Every structure is written in C-alpha cells, then in structure tokens.
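Colleague: Make a model of this:
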Amino acid sequence: MLPESTTKEFSILSYLDQNSDATQRQLSEHVGVSLGTINILLKRMVRKGLLKIERLQPNSVKYFLTPAGIANKLERTYGYIVRTYRELALFRVRITTLLHSLIPERVKDHVWFFGPDDDFSLLLKEILEAEFSLSEKRVLSDIKELSKAIQNTPKSLILTWDTKSDQQVKALGVEQVNILSRIAIEG
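Modeller: Model prediction:
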C-alpha cells in the first residue's frame, strides 16, 4: 500500500495532466484535502521536479507536468495495473476453488448463477466456460428467466453475488449461496 501523501500526489498529477488550468480549490475538491494541504503538496511536487508552475496573471497559474512528473505518473500507473492484475488473478483462483467445492460434476446441470449483469458476471462467465465447460447462459440477471429455468431443473442450486439477488432468490423458495460471502468466510 502506498503512503497517503504519495497517493494524493498521484491524484494531483493525474488531475493536472487532464486539467492544467485547474485551481487549487478544484484540486482540493478532487483530492479531498484542504486548500492548505494542496498548497503544501504542490510546492513539494515542484521541489521534486514533478511539476512546473507558470504564472499567467497575478491571480492565475497553469500547472505543467515535467518529464519527471510524466514518468512518475506512468510508473505509478504501471504499478497500479500490475497490483490490480495480481489481485484479480488471486480473486479468480479463490472463486474457481470455491466453485469446485460447490459444484460436484453430477449436479452441474442444476446450478444457476443469478445477479446483476456486471463485471463480476463477466468474470463468472469466463470461469464457467474455462473451468467447468458450462455455458454462459447459466448466468442470469432477470428473475423471470431464473424462475423459468429452475422449473425445468428441480433441486437447483442458485449462486448469487449481491444482496438484492439473494432476496429475490429467497422469495422463490430455492436454495441459494452468495459466492462473495463464502469467499469472505473461507478466505
């Protein structure tokens, strides 16, 4: 985890990269710190050679990322991407391991996934196809579709990933397991 001041510096660099004429007040609101803190951080970043300030008028300035500032921002962005991919890979392994424990081979046709059509559902579809040879059609986001699907598969197991979906499935009177809750308990 990065120190808080480093995170704030990255936030400032990113914002100024897109908004070079931003005011300290706008930076303060974007980063979520006081104007005084923004002033201190900007001065520190100028001393480090990450930023250059050009005075346009007595009460107006423009900020420029120096080559060192651009390199610093890119380095931090790269680090963030690497950490995110590592976390995603670990999360994917945990989900796959959990699903292997929940879905015995003999009942694969009785398992449905229900929840919002979001990034998690995309990840589930990838895992189901790669690890279980199950169709992405097993991942549903419409309660009417789920209700129809489970009529044809008695003793279905429904796997969810958010509380709203949990409540909708419970209202159908069907067994349901929240994947994220199980990962949190077993992890």
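
Colleague: Outline the domain layout of the protein.
Modeller: 4-73, 103-186 (automatic domain parsing).

Colleague: Which positions in the helix or strand where residue 86 lies come out as buried?
Modeller: Element membership for residue 86 (DSSP states H and E) is helix 67-102. In terms of neighbour count (16 or more other C-beta atoms under 10 Å), helix 67-102 has its buried residues at 69, 72, 73, 76, 94, 95, 98, 99. In short, each C-beta sits where N, CA and C put it, glycine included.

Colleague: With pLDDT and distance to residue 42 added, can I get these in CSV?
Modeller: Below are these laid out as CSV (pLDDT from 0 to 100; distance: C-beta to C-beta, whole Å):
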residue, pLDDT, distance to residue 42
69, 93, 12
72, 92, 14
73, 92, 15
76, 90, 17
94, 93, 41
95, 93, 43
98, 92, 46
99, 91, 49
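
Colleague: Quick check: of the residues you listed, which lies closest to residue 164?
Modeller: residue 95 (19.7 Å; C-beta to C-beta).

Colleague: From residue 125, how far out is that closest one?
Modeller: Separation of residue 95 from residue 125 (C-beta to C-beta, to the nearest Å): 12 Å.

Colleague: Partner strands of the helix or strand encompassing residue 159 and their direction?
Modeller: Residue 159 belongs to strand 157-160 when assigned by DSSP H and E. Take DSSP bridges as the rule and strand 157-160 pairs in its sheet with strand 111-114 (parallel), strand 176-178 (parallel).

Colleague: Can you list the residue ranges for strands in this structure?
Modeller: 51-57, 60-65, 111-114, 139-140, 157-160, 176-178 (DSSP state E).

Colleague: how distant is the last one from the center of its chain?
Modeller: Centroid separation between strand 176-178 and its chain, computed with C-alpha atoms, centre = their mean, to the nearest Å, is 22 Å.

Colleague: and if you look at the fifth one?
Modeller: With C-alpha atoms, centre = their mean as the basis, strand 157-160 stands 22 Å off its chain's centre.

Colleague: In TSV: the buried residues of helix 67-102, plus distance to residue 110.
Modeller: What follows is the buried residues of helix 67-102, written out as TSV (distance: C-beta to C-beta, whole Å):
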residue	distance to residue 110
69	56
72	53
73	50
76	47
94	23
95	19
98	17
99	14
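
Colleague: pLDDT value on residue 184, please?
Modeller: On the pLDDT scale, residue 184 is placed at 80.
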